[in-house]
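1. everything below, folded, please.
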Amino acid sequence: MTEETRSAAQRPAQEPMQVPVDESHIVATYANFCRVTGTPEELIVDFGLNKQVAGTSPDTIQLTQRIIVNFFTAKRLAYALQMAVARHEQAFGVLETDVQRRVINQQSAKA
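-> Numbers count the residues shown, from 1 in each chain. A predicted model of the protein is given here:
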């Protein structure tokens, strides 16, 4: 092992670099609907608001935001979201994404 390799192995793992950000122009928008499409080079994620609570004929969903990222950024975003959801579920319990099961579970809990 060279001196350089030895010193690199002895160094603690580097913490992620904190990148300064400017939030002065940020706009927050609520979305309960998203659609993911893409091209071979980019991933396109559209966000909107589904006003329909229940029923069989959905109203038109107005899309309000579009994020376009390359697949490298998409993979990092997927990992960050996965970690955030895992931390939330660890603290508050598993999130049921199937609406029908969620309704049935809530009714069972009340009985």
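2. what's next to stretch 93-108, contact-wise?
-> Stretch 93-108 is touched from outside by 85, 88-89, with contacts defined as C-beta atoms under 8 Å, 6 or more residues apart in numbering. Any C-beta I mention is one placed from the backbone N, CA and C, and that applies to glycine too.
3. can you give me the helices for this structure?
-> Secondary structure of the chain by DSSP state H: the helices cover 3-10, 71-92, 99-110.
4. geometric centre of this structure: which residue is closest?
-> The centre of the chain sits closest to residue 81, judged by C-alpha atoms, centre = their mean, with a distance of 3.7 Å.
5. list the contacts for that one?
-> For residue 81, the contact set (C-beta under 8 Å, 6+ apart) is empty.
6. distance-wise, check it relative to residue 51.
-> Plainly put, residue 81 is 24 Å away from residue 51 if you go by C-beta to C-beta, to the nearest Å.
7. also residue 60?
-> Relative to residue 51, and taking C-beta to C-beta, residue 60 is found at 9 Å.
8. between those two, tell me which one has more neighbours.
-> residue 51 (12 against 9; other C-beta atoms under 10 Å).
9. I'd like to know how many residues surround the nearest residue to the more buried one once chain neighbours are set aside.
-> Distance criterion C-beta to C-beta, 6 or more residues apart in numbering; nearest residue to residue 51, sequence neighbours excluded, is residue 59 at 5.7 Å. Neighbour count of residue 59, defined by other C-beta under 10 Å: 9.
10. equivalent analysis for residue 52, please.
-> Using other C-beta under 10 Å, residue 52 has 13 other residues around it.
11. pLDDT at it, what is it?
-> pLDDT, residue 52: 80.
12. just give me the neighbour total for the closest residue in space to residue 38 that isn't next to it in sequence.
-> In space, and not counting its chain neighbours, residue 38 is closest to residue 44: 5.4 Å by C-beta to C-beta, 6+ apart. By the measure other C-beta under 10 Å, the count of residues near residue 44 is 14.
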